[in-house]
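Asker: Give me a model of this one.
(chains A and B)
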Amino acid sequence: MLRRMATIATVVALVVAGCSSASTTPSPTTNAASGAPQTAAPTATPTAAPAKVTSINYWYWQDDVTDTTIQTLANQFEQLYGIHVNIQSSIAQPNFYQSLVNAIAAGNAPDATHLNTNMFGQLIQAKVLEPLNTQIDAWSGKADVIPSMWSFVKGPDGQTIYAMPNKFLMFYMYYRIDLFQKYGVTVPKTQEEFVAAAKALTHPSDKVYGFDIRGGANGQDQWAAFLVAGGAQFLDSTGKVAFSSAAAKTSNNLYISTYPDYTNPGAINDGYAQITSNFEAGTAAMIINHLGLAKTLDKWDSAKTGVALIPSATGDPTKTTYMGTMNANAVLAASTKKEAAFKWISFLAETQAQLAITKSTNGYLPVVTSVANDPQFASNKYMQISIQAAANSVTAWPPIPGTTVATQKTWQPLFQGALTGKNSADAVIDGVGNTLSTGK
Amino acid sequence: MIWPAINAVYLSFTSTNLLNLSEQTLIGLDNFRAMLADPVFYTALVNSLWWTFGAVFFQLLFGMIGALALNQNIKFRGLIRGLVLLPWATPSVLIALMWMWILDPNLGIANRMLGFIGIGAQPWLSDPGTALPTLIFIDVWFGIPFFAVMILAALQSVPHELLEAARIDGANAWNTFWRVVLPLILPAVLITTTLRLIWTANFFDLILILTNGGPANASLTVPLYAYQTAYRGMDFGLGAALAVAQAAFLAILVVLYMRQIRKSDIA
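Answerer: A predicted model of the protein is given here:
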């Protein structure tokens, strides 16, 4: 009997392990897309390419799979410097980090990779990212990078730079101008006014709800942006986790108080697609997001879309910290082609590449002064509100190991638990704070 | 094939960070102790039992009914047999996205149709009480074709002579099914059911996309929790312990099934 059980257990374990191993080790494929340029082409003067072509592997995720900007830039980079960039862009953002970790563990990591600030902590701790201070000091484009951008790509020591700034985003509030006018509501500046506005905008008989709270996938960013504007801080001045605070709990209570009466039905599970659809359909009057949504809404109906700073504790932007997020490019420490990899990621932070990226399908804030001052951005309300937010105190999820676990695992069940009454609202703050501190 | 299984068991006794394998250490049963002390594990375990047995029971029930219907001489039988396979042939990710929008509380067609007949909007996936039953419903819809096709194949192997003899002996349709057909197709049904139990227990694509185990862990199952622990929490040792616990549970299930076969003298 025992023998039979052991045999069967082995067979079942094989089935289980076989299933899981098949889904956890994707083999990278090269994106060979080389369609017509969708954006302005860099205009740097080509130099003679070396006879021997160096080839590097670069991973990034596409927010829009039809966007060929990076491939176009890679083609131009090869013409300029004779370095071929094998681009892996087929992994979607939600699975990107896991796939990258698998590749690193398998000794198959790319030479350079795109990363979000939420992903930095564990990679820095495991020393898989190459410190870039020396290369950046010698890079001619350093002076053009907006100084505050460096804070997003430094490690916990506040000195070591682990990535090159590339795409910058600030969180702000989108609101439906027509619904605000219809119900006679003014745009809220404080968080108390925000809750009052959500209430005033909610008219279930019209299928209109004040706020789509995004309790599902990746909703932690919108939540954290609200709390940060409410006075929460991730770290104190000594670099210690200080998330669990009275200000964080007050702001969290206000945020959660909109559910369920003033939020869309089903908001507890809502992700990016749902908040976008509900906003466009006019069933959600307010949502929080960043510039990534702007072009989608512009194509839909820009006249109905208003933008405002995230309501804060005081209502005074100069006394408020706003949250941003950075998608940056890093060189892997295991790469044997670090020089070429750095050349590529620094190219992506230079003026012409930045111009192309900021004009791409999704649109991002530039990380260099020469592009930030471009007149085209003066007339763009989404860029303007982002720049307005960034002009004040700015923060992001900290580059510590606990950030990855807090954002990927801890937040959602606790936040949803608070919405359903399964746990207290304060438990969300304490739980996320504890994960940030311990990494578990 | 055997290495991943052995490695999964080995991992469950270690503290492992994929980003720093040089620091992997053996920690004995600590991961299993942590698992047993974790209340979320028990939530996931109970959900897994409902998910697995609930989904497979209804798949078997409706698959059997579908197979019996498809075994009749009906018009367009070939076409219908092909069409019923569509859910099974559709990628699970696509199915998840399709149902996500059908059941969307604000814009979905399901609530609109209920509205036409005077029934109010249902929370479907956004209420802790209805999320798991809704997911089971979707998996039942997805899995019925597999049962129907497997049982249909078994039904077609039943000798016509036996059915004819039963009819001549005066057996009605129910008695013919219960006393002649079912015993003959039972081995195929049991094998199909066992396979489907194992697959369903391990299957979490739908849940991952539609609810990610929420709201508030209301639809979290053990394999999804193992995945989240390993890849979101970066704790591969505990993740492997959860997977091993699931494998052990399934092994017990298979042993019970085999003992039942021997007792019933079906094998």
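Asker: Which other helices and strands does the helix or strand harbouring A:Trp411 contact?
Answerer: Secondary-structure assignment from DSSP states H and E places A:Trp411 in helix A:411-420. Packed against helix A:411-420, as judged by 3 or more C-beta pairs under 8 Å, 6 or more residues apart in numbering or on different chains; DSSP states H and E, are the following elements: helix A:220-229, helix A:246-256, helix A:425-438. Every residue, glycine included, has its C-beta placed from N, CA and C.
Asker: quick one, what contacts the residue in the stretch 51-200 of chain A that chain B sits nearest to?
Answerer: Scanning the stretch 51-200 of chain A for proximity to chain B using C-beta to the nearest C-beta identifies A:Ala126 as nearest, at 3.6 Å. Going by C-beta atoms under 8 Å, 6 or more residues apart in numbering or on different chains, A:Ala126 touches B:Asn17, B:Leu19, B:Asn20.
Asker: How much space separates it from A:Ala105?
Answerer: Taking C-beta to C-beta, to the nearest Å as the measure, A:Ala126 falls 10 Å from A:Ala105.
Asker: shared neighbours of the two, anything?
Answerer: Shared contacts of A:Ala126 and A:Ala105, counting by C-beta under 8 Å, 6+ apart, come down to B:Leu19.
Asker: and the helix holding A:Trp411, average pLDDT?
Answerer: Averaging pLDDT along helix A:411-420 yields 96.
Asker: Could you give the secondary structure assignment for whichever residue of the stretch 101-250 of chain B sits closest to chain A?
Answerer: Across the stretch 101-250 of chain B, the shortest distance to chain A (C-beta to the nearest C-beta) belongs to B:Pro105, at 3.3 Å. Under DSSP: H, G, I helix; E, B strand; the rest coil, the three-state class of B:Pro105 is coil.
Asker: excluding its backbone neighbours, what's nearest it?
Answerer: A:Gly266 (3.3 Å; C-beta to C-beta, 6 or more residues apart in numbering or on different chains).
Asker: got the contact list for that neighbour?
Answerer: Contact analysis of A:Gly266 by C-beta under 8 Å, 6+ apart lists A:Gln274, B:Asp104, B:Pro105, B:Asn106, B:Pro123, B:Trp124, B:Leu125, B:Ser126.
Asker: Try it again at 10 Å.
Answerer: Contact partners of A:Gly266, counting by C-beta atoms under 10 Å, 6 or more residues apart in numbering or on different chains, are A:212, A:215-216, A:260, A:274, A:278, B:103-108, B:111, B:121, B:123-127, B:215.
Asker: Ok, A:His114 next?
Answerer: With contact set as C-beta under 10 Å, 6+ apart, A:His114 has these partners: A:58-62, A:70, A:89, A:93, A:96, A:100, A:163, A:166-167, A:327-330, A:345, A:348.
Asker: What about chain B: which of those residues touch it?
Answerer: Taking C-beta under 10 Å from any C-beta of the partner chain as the test, chain B is in contact with A:Leu100 out of these.
Asker: Just the ones in helices from the contacts of A:His114, please.
Answerer: A:Ile70, A:Gln93, A:Phe96, A:Leu100, A:Ile345 (DSSP state H).
Asker: could you dump these to TSV with pLDDT?
Answerer: Output for the ones in helices among the contacts of A:His114, formatted as TSV (pLDDT from 0 to 100):
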residue	pLDDT
A:Ile70	92
A:Gln93	78
A:Phe96	89
A:Leu100	93
A:Ile345	97
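Asker: Among these, which one sits closest to A:Gln416?
Answerer: The closest of the ones in helices among the contacts of A:His114 to A:Gln416 turns out to be A:Gln93 (C-beta to C-beta; 21.2 Å).
Asker: Which residue, neighbours along the chain excluded, lies closest to the closest one?
Answerer: Leaving aside its chain neighbours, A:Gln93 sits nearest to A:Trp61 (4.3 Å; criterion: C-beta to C-beta, 6+ apart).
Asker: Ramachandran angles for that neighbour?
Answerer: The phi and psi values for A:Trp61, taken as degrees, to the nearest 10, are phi -110, psi 150.
Asker: and what of B:Ile80?
Answerer: Here is the backbone geometry of B:Ile80 (degrees, to the nearest 10): phi -60, psi -40.
Asker: For burial, what's the neighbour tally of the residue lying closest to it once chain neighbours are set aside?
Answerer: Distance criterion C-beta to C-beta, 6+ apart; nearest residue to B:Ile80, sequence neighbours excluded, is B:Leu70 at 6.6 Å. B:Leu70 is flanked by 19 other residues according to other C-beta atoms under 10 Å in any protein chain shown.
Asker: Can you verify my assumption that B:Leu70 contacts B:Met150?
Answerer: No: counting by C-beta atoms under 10 Å, B:Leu70 stays clear of B:Met150, with 11.8 Å between them.
Asker: Please identify the buried residues of stretch B:188-203?
Answerer: Across stretch B:188-203, burial judged by 16 or more other C-beta atoms under 10 Å in any protein chain shown covers B:Val189, B:Leu190, B:Thr192, B:Thr193, B:Thr194, B:Arg196, B:Leu197, B:Ile198, B:Thr200, B:Ala201, B:Asn202, B:Phe203.
Asker: Pipe those into JSON lines and attach pLDDT and distance to chain A per row.
Answerer: As requested, the buried residues of stretch B:188-203 are exported to JSON lines (pLDDT from 0 to 100; distance: C-beta to the nearest C-beta, whole Å):
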{"residue": "B:Val189", "pLDDT": "90", "distance to chain A": "20"}
{"residue": "B:Leu190", "pLDDT": "87", "distance to chain A": "15"}
{"residue": "B:Thr192", "pLDDT": "88", "distance to chain A": "15"}
{"residue": "B:Thr193", "pLDDT": "90", "distance to chain A": "15"}
{"residue": "B:Thr194", "pLDDT": "87", "distance to chain A": "10"}
{"residue": "B:Arg196", "pLDDT": "91", "distance to chain A": "13"}
{"residue": "B:Leu197", "pLDDT": "91", "distance to chain A": "11"}
{"residue": "B:Ile198", "pLDDT": "88", "distance to chain A": "6"}
{"residue": "B:Thr200", "pLDDT": "94", "distance to chain A": "12"}
{"residue": "B:Ala201", "pLDDT": "93", "distance to chain A": "9"}
{"residue": "B:Asn202", "pLDDT": "91", "distance to chain A": "5"}
{"residue": "B:Phe203", "pLDDT": "92", "distance to chain A": "9"}
